[in-house]
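J.: Here you go, sequence then predicted model.
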Amino acid sequence: FRARLEGMAPTRLLFLHGYGESSTVAEISAGKLKEQAEAAGVVVLPFLQGFTQLKDPMDMAPIVDEKYREMCINGDLDAYCWYPLVDSVDGGHRKPPAKDFAFRAEKAAQDVAVKKLCAHVDALGGVDGVLGFSQGGELCYLLAESLELLGDVARSQLKFVGTFGSEDTFQQRGMPPKTISSQLHFCICFGENDEAASVDSETCAAVLLAAGAGSVQTHLVPGNGHEMPKDPVVLDMVMSSLKTAVETKQAKQSTAAPAAPQKIPPPPPGWGTNCKDGKPRIPPGTVEPLIPIPQLQAIFDRLKEGSGKSELEMRDDFARLNNYALNNSIVSDFHSVEGSVEILRYQAHNPTFRNSAMCILARMGFKQYDLSCGPLRNEYFAHITGGGEEKDFFNKVLAVPAY
C-alpha cells in the first residue's frame, strides 16, 4: 500500500471474460494480452469468474458460438456470466441495418453484478484499469457509471476502461449513462469481421463523452471476429492507452497548483491559411464578429448553419464543445468557430488531447479527421503495422486543411 502511495507499484489491470466463459477460458483467450501486459510492466490480476453459473440450455442460448455452446450444454465446459440475459426484456435498439437485440439484461441483475464487482475491486485494494471481452466489457461500462459504489481508494485509483467486442450497454438498455467521471479514459476495440456483436463505436463514444468521460478511443481490429485480438500491435496500443491514462492522472495529482489557463495556444504551422492578422478569418458573406465564450448562442448558430443535422444532434455537438472549453481540458477560449477548429487541430498534435480533439472535429462535420470511420482507421492500422511512426501518421492527417 505504501508503494502505491509513492507511485512505485506497477499498473494493475483486471480482466473480465465474456458470456458463457470462465476464468479457465479467460486464461487461454486473454493469454496474449497477459503476455503483452507483462512486457509493458502491467500486472494482469488473477482472472475473476462470472458471478452466475449457467446450467440450463435456455441460459446458454445467448452463447454465439454453436460448437462452444454445445460443449457447455453437454457439460464439457463450465459456463458463467456476469448477469443473465433473457429474451423478454424491453430496452433500447441497435442502430439499423444491424438486427435488433435478441437478448437483454434485467436492470436488477445488472445492479447486483455491479455491486459484486465493486466489492471485488475494493477487496483487491483498487485497480488502475478494467478491461472486458464481450459481456465483460459491458459490465465495465456499468462500473464506469457507478464509481460511487467503490471505496475512496479504489474510486480515485481507477482511470482506464477497455472493451473488446462489447455491445453498448447503454444502447441495449435504452438509457444513457449517469455522469461519467472525467478521470476515466476509454478504449473501445472491435473486430472487423465480428458478426456476433454489433459495436456502434461512434455512438458509444459520443454518449460517453457527453456524460463527461476524459477521452474515448475507438479501434477497429482488421480481420478479427468476435474474439480477443492476438495481434501484438493492437495489444500494445491498448497497453499504451492504459499507461497514458494512469500517467495523466499521476501528473495531475503531482501538480502543486494548476497552471494558468492558456487562452489561445501558440500558432501552429499553417495558421495563416485560415487567419488574418493573427485572428481567425471569417468566411466571405458572413458578418459574425469575434465572439468570447459567454456568447454561447452565437457559437451554436454557427455550428447549426448548413450542417444538415437535427437540433438535438447540434445541441449535443455544441454541449460537448462547450464542456471542453469550460473545463479547460483542451482550450479555455473559443473566439469563433473557425478559430476553434484551428485550435483543436493544433491540440490534436498532442497525444494527450488527440482523440478528444479529433472526435470534436469529426462531430463538427470535419470527417477528414474522423478516426471512427473505416477508411481512416484502416489507413492508421496499415501505417502502424507497416512499421510507421504514429506521430508521422497524425502529422499527415492533421496537415489536411479544415476548409
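T.: Cool, the structure landed.

J.: CA only for contacts and neighbour counts going forward, please
T.: Will do.

J.: Under the pLDDT cut-off, which ranges of the stretch 251-400 of the chain? List them.
T.: Scanning the stretch 251-400 of the chain for pLDDT under 70 picks out 251-340, 342-343, 352-353, 356, 362-365, 367, 372-374, 400.

J.: again, only this time at 50
T.: 251-298, 306, 324-336 (pLDDT under 50).

J.: and if you look at the stretch 51-200 of the chain?
T.: Residues of the stretch 51-200 of the chain meeting the criterion pLDDT under 50: none.

J.: in it, which spans are strands?
T.: Ranges of strands in the stretch 51-200 of the chain, per DSSP state E, counting those that start in this stretch, are 52-53, 80-81, 129-133, 160-164, 185-191.

J.: closest to Val42 out of those?
T.: Among the strands of the stretch 51-200 of the chain, the nearest to Val42 by CA to CA is strand 129-133 (10.1 Å).

J.: Which helix in the protein has the most residues?
T.: If you go by DSSP state H, the chain has its longest helix at helix 232-254.

J.: for that helix, which positions count as buried?
T.: By neighbour count with 16 or more other CA atoms under 10 Å, helix 232-254 contains the buried residues 233-236, 238-239, 241-246, 249.

J.: Also stretch 140-148?
T.: Within stretch 140-148, the residues that qualify as buried are 140-147, counting by 16+ other CA under 10 Å.

J.: thinking again about what came up before, what packs against the longest helix of the chain?
T.: Counting contacts by 3 or more CA pairs under 8 Å, 6 or more residues apart in numbering; DSSP states H and E, helix 232-254 is packed against helix 31-39, strand 160-164, strand 185-191.

J.: out of the ones you listed, deepest packed?
T.: Stretch with highest mean neighbour count among the helices and strands packed on helix 232-254: strand 160-164 (a mean of 27; mean count of other CA atoms under 10 Å).

J.: Now the phi/psi pair for Leu150, please.
T.: Torsion angles at Leu150 (phi, psi; degrees, to the nearest 10) stand at phi -90, psi 160.

J.: right, and it touches Leu117 too?
T.: No. Taking CA atoms under 8 Å as the definition, Leu150 is not a contact partner of Leu117, at 9.3 Å.

J.: Can you classify Cys204 by secondary structure?
T.: Three-state assignment for Cys204 (DSSP: H, G, I helix; E, B strand; the rest coil): helix.

J.: check contacts around it.
T.: Cys204 makes contact with 168, 171, according to CA atoms under 8 Å, 6 or more residues apart in numbering.

J.: okay if I get the buried residues of stretch 140-148 as a markdown table plus distance to Val207?
T.: Listed next are those as a markdown table, based on distance: CA to CA, whole Å:
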| residue | distance to Val207 |
| --- | --- |
| Cys140 | 15 |
| Tyr141 | 11 |
| Leu142 | 13 |
| Leu143 | 15 |
| Ala144 | 13 |
| Glu145 | 12 |
| Ser146 | 16 |
| Leu147 | 17 |
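
J.: if I read this right, Ile180 contacts Ala144, doesn't it?
T.: Yes. Using CA under 8 Å, Ile180 makes contact with Ala144 at a distance of 6.4 Å.

J.: Wasn't Phe15 part of a helix?
T.: No. Counting by three-state DSSP, Phe15 falls outside a helix, being strand.

J.: Give me the nearest residue to Phe160, chain neighbours excluded.
T.: What sits nearest to Phe160 in space, not counting adjacent residues and going by CA to CA, 6 or more residues apart in numbering, is Gly129, at 4.4 Å.
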